[in-house]
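> Need the 3D shape of this:
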Amino acid sequence: MTTHVLVLIHGITPEPEPRVLEQYSELVRAVEAAGLPFVKPICQVEWGVPRNGQITRPDQYLSKAERAVDALLDKPAPAGSEDSVPGRDGHDWGIPVVRQVINRGRERLVQFGLSDALYYAAPDGEKAVRDTVFEQVFGKLEASEDGDSIHLHIVAHSLGVTVAHDFLYALFGTADAHFPTQPDEEDPARLNDVNHALQAKWRGHARAGRLVLGTFISFASQLPMFVMRKQALVEKLARGETLDPTVIGIDAARTTVQWAIFHDSDELLGFPSRALYRDTRAIADVSMNSGLEPLGAHLGYWRKPAIIERCVALLRQNTH
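Got it, this is the predicted structure:
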């Protein structure tokens, strides 16, 4: 018997008070209405935010720290502490509508969003996020271990795509693949002891064929930026070489889509990413309309009916 496990992983949270579980709700309802055979409850990952107002993990300080920085920047400057160099006419007029869009984008996408990505790019932040995400996903796999095999299906958004990619590489990767994170059996300090033991166990299941990647759905992938985290990858890409998709569990011989990469041309932080990898019909970039302006487009993937419908169709294809 095959057991199907669905995992949802959010990305950067441009809201001052993130409500990460709410963004999953429409997709969860659509999956349940379609009667897809996923173990319940669906694994809805949380990272970077307190749970019920309580901070019990290092990553949960992130959203509170971002709000603190925003409040500091919003305070009036003490008298005499600021100066300016005006334009030739004595004023810095700007273009009112453009300036408004830039200010909104700087506050939401950059201050509350891009700072999430910077946190993950730093060693302390990466470890904190990986610890909590891996713990939640491994916990779901442990609770779903009764069947002969487990097919893992992941839907991830924004920075969550990179986190999910790292998780899949930790399970299916090889030491010579030069992806940003090497398997933990070579670097046990990367995760806490419990996660390290579970990773070794589930890597064994993956090698034995008991754990298989069923579907990977990406919204607003930032992989074209995050592949630059490792020198070996930088050099590989500089030589004009592409990446091996099999090290994240992709079956390169498939003729149907296993990894769908949704992107919208109107947003700033999501990219088509298929071209990074060796050519295979198992990976497809999917251009969709998730919103009309950069912030709305970046946040809209989870809510757009056409995108949800396409995701459900892909999940149905890969669970039957």
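
> Residues contacting stretch 118-137, please?
Stretch 118-137 is contacted from outside by 7, 9, 43, 45-48, 57-59, 62, 159, 162-163, 166-167, 170, 181, 190-192, 194-195, 198-199, 226, 229, using CB atoms under 8 Å, 6 or more residues apart in numbering. The C-beta positions use only the backbone N, C-alpha and C, and glycine is treated the same way.

> Kindly recompute the last result at 6 Å.
Contact with stretch 118-137 is made by 7, 45, 47, 57, 58, 59, 62, 159, 163, 191, 192, 195, as judged by CB atoms under 6 Å, 6 or more residues apart in numbering.

> May I ask which of these has the most neighbours?
Within the contacts of stretch 118-137, most neighbours by other CB atoms under 10 Å means residue 159, with 29 neighbours.

> On the pLDDT front, check that one for me.
Looking at residue 159, its pLDDT stands at 94.

> List the buried residues for stretch 45-56?
By 16 or more other CB atoms under 10 Å, the buried positions in stretch 45-56 come out as 45, 46, 47, 48, 49, 50.

> residues near residue 265, how many?
Using other CB under 10 Å, residue 265 has 11 neighbouring residues.

> And the closest residue to it other than its chain neighbours, how far from residue 300?
Spatial nearest neighbour of residue 265, excluding adjacent residues (CB to CB, 6 or more residues apart in numbering): residue 287 at 6.9 Å. Applying CB to CB, to the nearest Å, the value for residue 287 to residue 300 is 14 Å.

> These two: which is more packed in?
Remark: of residue 287 and residue 300, residue 300 carries more neighbours, 22 against 10, as counted by other CB under 10 Å.

> got the contact list for that one?
Each residue near residue 300 by CB under 6 Å, 6+ apart is listed here: 290, 291.

> Go again with 10 Å.
Contacts for residue 300 (CB atoms under 10 Å, 6 or more residues apart in numbering) come out as 23, 219-220, 264, 266-267, 288-293, 307.

> Switch the buried residues of stretch 45-56 over to JSON lines; also include secondary structure and distance to residue 259.
Formatted as JSON lines, those follow (DSSP: H, G, I helix; E, B strand; the rest coil; distance: CB to CB, whole Å):
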{"residue": "45", "secondary structure": "coil", "distance to residue 259": "18"}
{"residue": "46", "secondary structure": "coil", "distance to residue 259": "24"}
{"residue": "47", "secondary structure": "coil", "distance to residue 259": "22"}
{"residue": "48", "secondary structure": "coil", "distance to residue 259": "24"}
{"residue": "49", "secondary structure": "coil", "distance to residue 259": "27"}
{"residue": "50", "secondary structure": "coil", "distance to residue 259": "32"}
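
> Of those, which is the nearest to residue 315?
residue 45 (17.0 Å; CB to CB).

> For that closest one, give me its contacts.
Residue 45 touches 7-10, 20-21, 24, 132-137, 140, 154, 156, 160, 163-164, 167, counting by CB under 10 Å, 6+ apart.

> cool, and residue 28?
Neighbouring residues of residue 28 by CB under 10 Å, 6+ apart: 6, 8, 21, 38, 41, 42, 44, 302.

> Now for the fourth one, how many residues are close by?
Put plainly, it is residue 38. When neighbours are defined as other CB under 10 Å, residue 38 has 23 of them.

> any idea what the closest residue to it other than its chain neighbours is structurally, helix, strand or coil?
Using CB to CB, 6+ apart and skipping the chain neighbours, the partner closest in space to residue 38 is residue 6 (4.3 Å). What DSSP: H, G, I helix; E, B strand; the rest coil gives for residue 6 is strand.

> Roughly how far does residue 1 sit from residue 164?
Note on residue 1: its distance to residue 164, by CB to CB, is 25 Å.
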